[in-house]
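*Asks:* got a sequence here, can you model it:
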Amino acid sequence: MCGTILSASMLTWVGRQYDRYGARPVALLATIGLGIVLIYLSQVDRIQAVIGADSTSMVVNFLIMFFGFFTLRFSGQGALTLVSRNMMMKWFEKRRGFAMGFSNVTTSLTFASAPVFFEYLIQRYDWNGAWMILAVITGLVFPFYILTFFRDDPEKSGIRPDGDFVESAQSKANRFPVVKDFSLSEAQKTIGFWVFSMMLAMQALYWTGLTFNIVSLFEHAGYDRETAVSALIRDCHHRNLGCE
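*Replies:* Numbers count the residues shown, from 1 in each chain. Below you'll find the model as predicted:
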């Protein structure tokens, strides 16, 4: 929780860097940083041994894990997500709602299937091996993907937002005209900004807490580990997560 909140508080700074340098440089640094963080998390037991801490050293262990999860959330869930979503919105105007809806559905499906994939890696390669595999994927594979496919503005690629999409005569009327463009400081003084921000923040905090602790939560409720890691994608009768 502490790592999530601190990383979220720094995303405004990431937004400024995105506006200044564009999508590709910021995304590239974020994914390389994410790979380094995953390597760090795979070695936390050795770091603990080097420092000389044991399982009862609560402050040292907290700081070790706090740094890991702060940098994990900041580079991956924070910076990389921010850059990707903002870049996508630049490529769509009239069909932005459709693009965001498609993105949200895809993100939800991959998010729901992630625990199953992670559990497979943990069972086969242990927890530190799983971190290392993810580090290779994010630190080496993702940069090539970003360099190949990420583009900051469609105009720089010689095309227009939405491509060759032609809107119908009925949809040409702007049903939601922009009355005023707000700066960050102006937006922070409105109640609407905080309503939407807190709604998104609570969603992120809830799903993070549930996903990180899903095995222990389900074990406390009497379900086995296999049921826990597949709960987010299992299609059960009568919406009962425990049924077969």
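*Asks:* tell me if I'm right that V26 and G15 touch.
*Replies:* No: using C-beta atoms under 8 Å, V26 is not in contact with G15, being 9.5 Å away. No exception for glycine: its C-beta is placed from N, CA and C like everyone else's.
*Asks:* ok, these two, which is more surrounded?
*Replies:* Each of V26 and G15 has its neighbours counted (other C-beta atoms under 10 Å); V26 has more, 25 against 16.
*Asks:* okay, and the more buried one sits in which element?
*Replies:* helix 23-42 (DSSP states H and E).
*Asks:* I figured S84 hits A27, correct?
*Replies:* Yes: contact criterion C-beta under 8 Å: S84 and A27 qualify, at 6.9 Å.
*Asks:* which of these two has more neighbours?
*Replies:* The residue with more neighbours, out of S84 and A27, is A27; 24 against 17, by other C-beta under 10 Å.
*Asks:* show me the contacts for the more buried one.
*Replies:* Contacts for A27 were tallied using C-beta atoms under 8 Å, 6 or more residues apart in numbering; they are 79-80, 83-84, 87, 146, 150.
*Asks:* once you drop chain neighbours, what's closest to it?
*Replies:* Leaving aside its chain neighbours, A27 sits nearest to V83 (4.5 Å; criterion: C-beta to C-beta, 6 or more residues apart in numbering).
*Asks:* separation between the one you found and G192?
*Replies:* To G192, V83 is 25 Å away according to C-beta to C-beta, to the nearest Å.
*Asks:* more neighbours: these two, which one.
*Replies:* More crowded of V83 and G192, by other C-beta under 10 Å: V83, with 27 against 9.
*Asks:* secondary structure element for the more buried one?
*Replies:* V83 belongs to helix 81-90, assigned by DSSP H and E.
*Asks:* could you pull up the mean pLDDT of the helix or strand that comes right after that helix?
*Replies:* Counting by DSSP H and E, the element after helix 81-90 in chain order, helix or strand, is helix 96-136. Helix 96-136 shows a mean pLDDT of 88.
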